[in-house]
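Chemist: Predicted coordinates and the sequence they were generated for:
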Protein chains: 2
Amino acid sequence: MKMPLAIRRWPFAVLFFFASIGLADQRVDIVITGGTVVTMAGPNIDNGGVAIDKGKIVAVGDVSAYRGKETIAAHGNAIVPGFINTHTHAAMVLFRGIADDRDLMDWLTHFIFPAEAKNVSPDFVKWGTRLAAAEMIQSGTTTFTDMYYFESEVADEAKRAGLRAVVGETLIDFPAPDNKTWDAAFDYIRAFVKKWQGDPMITPALAPHSPYLVSREHLQQTRKLADELHAPILIHVSETKNELQQVAEKQNGMLPGIYLDSIGFLGHDVVAAHGVWLTADEIRIFAQKGVGVAHCPESNMMLASGMAPVVDMRRGGVNVGLGTDGPAGSNNNLDMVEEMASAARLQKIAKMDPKALSGRDVLEMATIGGARVLGMQDKIGTLEPGKRADVVIVNLQQAKTQPVYSVESAIVYAASGSSVTTTICDGKILMRDRKVLTVDVPAALAKAKQYRDQVLKSLR
Amino acid sequence: MKMPLAIRRWPFAVLFFFASIGLADQRVDIVITGGTVVTMAGPNIDNGGVAIDKGKIVAVGDVSAYRGKETIAAHGNAIVPGFINTHTHAAMVLFRGIADDRDLMDWLTHFIFPAEAKNVSPDFVKWGTRLAAAEMIQSGTTTFTDMYYFESEVADEAKRAGLRAVVGETLIDFPAPDNKTWDAAFDYIRAFVKKWQGDPMITPALAPHSPYLVSREHLQQTRKLADELHAPILIHVSETKNELQQVAEKQNGMLPGIYLDSIGFLGHDVVAAHGVWLTADEIRIFAQKGVGVAHCPESNMMLASGMAPVVDMRRGGVNVGLGTDGPAGSNNNLDMVEEMASAARLQKIAKMDPKALSGRDVLEMATIGGARVLGMQDKIGTLEPGKRADVVIVNLQQAKTQPVYSVESAIVYAASGSSVTTTICDGKILMRDRKVLTVDVPAALAKAKQYRDQVLKSLR
């Protein structure tokens, strides 16, 4: 039996109707279109996009099947994973430029330590972190790793700004601005970790300062607590030659990495900042134990610490991320784009080889490399369906970035942090068309000026 | 006899009237107000300004007596001399990123030389320089020193954009894109220099490539012509270790600087780019002869050339300026603010001393230091009455620059080229509130994309 044509065609029309609203038009929160997607999980995708829903990436590349509540056109621009700063002291922005171009000890003892003792309070940390958050959002950072005092304030501010953060409360063998004794700090940190653990955006961490400012006993206590709480450890390791001497004198001539290993301190949950003077033996240990390294090239240059063996660490299987270090005296900004360029350039000169570290290499360090250092590689660091939506758009349509022969080169060597136009973290738009949506920037600037006056007065 | 009060007071009223329009209100072209004036000729002046008339600076500091046809408020920002780029190859922006992270010879022989042979034309140089001019204006450069081909096009474009330029036509011992023989180049350069000499914005120069790509006889011919025409000489000197070998092999084991001196080539009119491998003897000769050095830290890192003895040169009395070098493969941008930070950081690591080169030092190199290198210290490089008005305003009211404890630190280590809001050259506003007024940026960007496609096709 033959159906009339109109009836026979009807099911196709229905199918087409549902396809057009169902498949060809899947509704999601955000669709970014028309850019070069630097997924960092494979080759770049030209003229592609990213679809985001409920904080997650749902599609990468061809996103024509998605319709977003928000659509962001990225034509001719780069869509990249949000940058991951693996080492900073964000609130120190309020000391930015207070005493540059000085010897480390002069800087520390005559400026930073007295200024911190007299000024660092919960309010200081709150406003400093808020200003830093604005700067980070403006230069495409979506995750930062912090080591300072009153870290619960840092966590509060990160959440408020919409940033992802690993917040490490400092443990140090002398009175700190927040805790005057080791035991007080230990109590604080236990409560702090319990308060924040489980928060989707915040990872509380233990941050013993370094193998030379924290005793063996205290380092071992810290390791135990980290195991008990399942919290990561942030620590400065092998930053300066002077540190090697100090550690060797107290620890039977051992190098910092060897010493930390000998006391059972190292593990995959340890993020070692700097690692400038790590030897081949220490690199082997770090690789075996899964210790991640936060490489901070601009700080290492600024403070004349040295040139870290980044190429050797990467070749040796160590996860290496990038960090800006603190924005006072050791940098003085939180710009990860600039940091990438400096990282590539410094390794080229360190190895006297222009191939030592490429634009692509440092982009990897600033994204998935950093994610591995923080043990978050399943969650962030690449643009892949299923990952949290930490996504940044870099404007390549500028005089300083055109023409584009290589997107990675354009981002790393030609663009700057200010080329970032849009910053999305966990599916939330934190900045769009250079307008920061989650931080009251004028209020933070005004407070910064007030704190500057207070700090200067306190040092008189 | 006592005059009535009304009459006695009258002369004062007249005086006040004339004072208010005459002295208290001198009419000038531009008045910049309310910034921190970094004059580079003495201490900074807080809450000061600059008055500009007929292309010249007429007052610095207290400018309340001046009223401008244009008034530019710079409250809380820095007012600095325009930056002086002492070494670049501007038109190479059109090759930006074509082949980075490669060995110098691979880069030159497989990419740059073939790409230049097939693409560099007057039109290429015109559009390349136009794009570069936009980038330079956007990052505060007001004077650039160029070494390339078809330099008359470069001069045309510089004038069109309103920039000051030292334009060096390249002389090299193999066929170049514009001149196929040495004699043809020599004829071209003579006409070129005569055409441009006397132009207030353009200084034509002779640019023999280097002591290894130009023969002894040709170098001596160049020196003679420079003397005859009173035109400066731009040359690459002692950039790589490989160059030392090449020169030594041909010139009885001599170092490049010694060799150039031995043939009577050096003088106060010579700008030597790089000088990475200069020895104490060569530094002494350069100081005696008044040879200026264009230090290019980012290029030296990018190409793994080495770390120039900047501290020793400055101590030894050599004038040292800063240069970005070409924006293709060796940098890849023309941002002098970034270059300042890299210069300071690189010397700190080279000397393993954080005091080696300060923010103030590199700001000096980028301004009056560069002016001295180019023999223009009486005309530009500082903000002083009588100098040509090359003035830049740097926005310090940003999250990334606040708070400001030291203006120099804020500019060098925290700001970036994109922090420049206003660029004035020779009293003409080239950019205001980030809007470039003298270059059609969209047209230059469109042309850059066209040239990229053409270049890629030519290399297939």
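Modeler: Cool, got the structure.
Chemist: Pretty sure A:Ser152 sits against A:Val193.
Modeler: No: assessed by CB atoms under 8 Å, A:Ser152 is found out of contact with A:Val193, at 10.1 Å. Just so you know, the C-beta spots here come from the backbone N, C-alpha and C atoms, and that holds for glycine as well.
Chemist: Strands of the stretch 301-450 of chain A, residue ranges please.
Modeler: Secondary structure of the stretch 301-450 of chain A (DSSP state E, counting those that start in this stretch): strands located at A:320-322, A:391-394, A:420-425, A:428-432, A:435-436.
Chemist: Output those in a markdown table, with distance to chain B appended to each entry.
Modeler: Formatted as a markdown table, the strands of the stretch 301-450 of chain A follow (distance: least, CB to the nearest CB, whole Å):
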| stretch | distance to chain B |
| --- | --- |
| strand A:320-322 | 15 |
| strand A:391-394 | 13 |
| strand A:420-425 | 11 |
| strand A:428-432 | 11 |
| strand A:435-436 | 8 |
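Chemist: Buried deepest among those strands, which one?
Modeler: Burial of the strands of the stretch 301-450 of chain A is given as mean neighbour count (mean count of other CB atoms under 10 Å in any protein chain shown); strand A:320-322 ranks first at a mean of 29.
Chemist: That strand - what's its average pLDDT?
Modeler: When pLDDT is averaged over strand A:320-322, the result is 98.
Chemist: cool, stretch A:404-418 as well?
Modeler: When the per-residue pLDDT values of stretch A:404-418 are averaged, the result is 97.
Chemist: Return the distance of that stretch from the chain's centre.
Modeler: For stretch A:404-418, the separation from the chain centroid amounts to 19 Å (computed by CA atoms, centre = their mean, to the nearest Å).
Chemist: Now do the buried residues in that stretch.
Modeler: A:404-418 (16 or more other CB atoms under 10 Å in any protein chain shown).
Chemist: before we move on, what about stretch A:313-326?
Modeler: Residues A:Met313, A:Arg314, A:Gly316, A:Val318, A:Asn319, A:Val320, A:Gly321, A:Leu322, A:Gly323, A:Thr324, A:Asp325, A:Gly326 are the ones in stretch A:313-326 that count as buried (16+ other CB under 10 Å).
Chemist: Which of the helices and strands in chain A ranks last by mean pLDDT?
Modeler: Ranked by mean pLDDT, DSSP states H and E, the weakest helix or strand in chain A is helix A:5-22, scoring a mean of 51.
Chemist: Return the distance of the most centrally placed residue in chain A relative to A:Ala294.
Modeler: Closest residue to the average C-alpha location of chain A: A:Asn85 at 1.9 Å, with CA atoms, centre = their mean. According to CB to CB, to the nearest Å, A:Asn85 and A:Ala294 sit 8 Å apart.
Chemist: quick one: common contacting residues for those two?
Modeler: Taking CB atoms under 8 Å, 6 or more residues apart in numbering or on different chains as the contact criterion, the residues that touch both A:Asn85 and A:Ala294 are A:Thr145, A:Leu322, A:Gly323.
Chemist: Closest to A:Val392 out of those residues?
Modeler: Proximity of the shared contacts of A:Asn85 and A:Ala294 to A:Val392 (CB to CB) peaks at A:Leu322, which lies at 14.6 Å.
Chemist: Cross-check the contact I'm expecting between that closest one and A:Met340.
Modeler: Yes: here A:Leu322 reaches A:Met340: they are 6.6 Å apart, a contact under CB under 8 Å.
Chemist: Need the overlap of contacts for those two.
Modeler: With CB under 8 Å, 6+ apart applied, the overlap between the contact sets of A:Leu322 and A:Met340 consists of A:Val362, A:Met365, A:Ala366.
Chemist: Mind checking which of the residues you listed are buried?
Modeler: A:Val362, A:Met365, A:Ala366.
Chemist: which element follows the biggest strand by length in chain A toward the C-terminus?
Modeler: The strand spanning the most residues in chain A, taking DSSP state E as the definition, is strand A:26-37. Using DSSP states H and E, the helix or strand that follows strand A:26-37 in sequence is strand A:45-53.
Chemist: Could you see whether chain B lies near that next one?
Modeler: No: interface with chain B: strand A:45-53 contributes nothing (CB under 8 Å from any CB of the partner chain), its closest point being 13.8 Å away.
Chemist: and A:Ile72, what does it touch?
Modeler: A:Ile30, A:Val31, A:Ile32, A:Thr33, A:Ile393, A:Thr422, A:Arg432.
Chemist: what bridges to it?
Modeler: Note on A:Ile72: beta-bridge partners A:Ile32, judged by DSSP bridges.
Chemist: Could you report the neighbour count for the residue lying closest to A:His209 once chain neighbours are set aside?
Modeler: The shortest distance from A:His209 to any residue other than its chain neighbours is 4.4 Å, reached at A:Ile172 (CB to CB, 6 or more residues apart in numbering or on different chains). The criterion is other CB atoms under 10 Å in any protein chain shown. On that basis, A:Ile172 has 17 neighbouring residues.
Chemist: cool, A:Gln197 as well?
Modeler: Considering only other CB under 10 Å, A:Gln197 is surrounded by 13 other residues.
Chemist: For the residue nearest to it when sequence neighbours are not counted, give me the backbone phi and psi.
Modeler: Counting by CB to CB, 6+ apart, the nearest residue to A:Gln197 once its immediate chain neighbours are dropped is A:Pro204, at 5.9 Å. Its backbone dihedrals place A:Pro204 at phi -70, psi 140, with angles given as degrees, to the nearest 10.
Chemist: Distance check, A:Pro204 against chain B.
Modeler: If you measure A:Pro204 against chain B using CB to the nearest CB, to the nearest Å, the figure is 26 Å.
Chemist: I figured that residue hits A:Arg190, correct?
Modeler: No: taking CB under 8 Å as the definition, A:Pro204 is not a contact partner of A:Arg190, at 10.2 Å.
Chemist: Show me which of those two is the more surrounded one.
Modeler: When A:Pro204 and A:Arg190 are compared on other CB under 10 Å, the one with more neighbours turns out to be A:Pro204, at 25 against 16.
Chemist: mind checking pLDDT for A:Trp196?
Modeler: A:Trp196 carries a pLDDT score of 98 in this model.
Chemist: out of everything not next to it in sequence, what's closest to it?
Modeler: The shortest distance from A:Trp196 to any residue that is not its chain neighbour, by CB to CB, 6+ apart, is 4.0 Å, and that residue is A:Pro204.
Chemist: Could you list the low-confidence segments of chain A?
Modeler: A:1-24 (pLDDT under 70).
Chemist: Give me the domain ranges for it.
Modeler: Under the assignment named as automatic domain parsing, the residue ranges that make up the domains of chain A are A:25-81+A:392-434, A:83-373.
Chemist: quick one: A:Trp224 and chain B, what's the gap?
Modeler: Check again: residue A:224 is Lys, not Trp. With the distance defined as CB to the nearest CB, A:Lys224 ends up 37 Å from chain B.
Chemist: My reading is that that residue lies in a helix. Confirm?
Modeler: Yes: with DSSP: H, G, I helix; E, B strand; the rest coil as the criterion, A:Lys224 is part of a helix.
Chemist: Tell me the gap between stretch A:427-444 and the middle of its chain.
Modeler: Centroid separation for stretch A:427-444 versus its chain: 18 Å, with CA atoms, centre = their mean.
Chemist: Between the shared contacts of A:Asn85 and A:Ala294, which sits nearest A:Ile52?
Modeler: Closest approach between the shared contacts of A:Asn85 and A:Ala294 and A:Ile52, by CB to CB: A:Thr145, at 23.9 Å.
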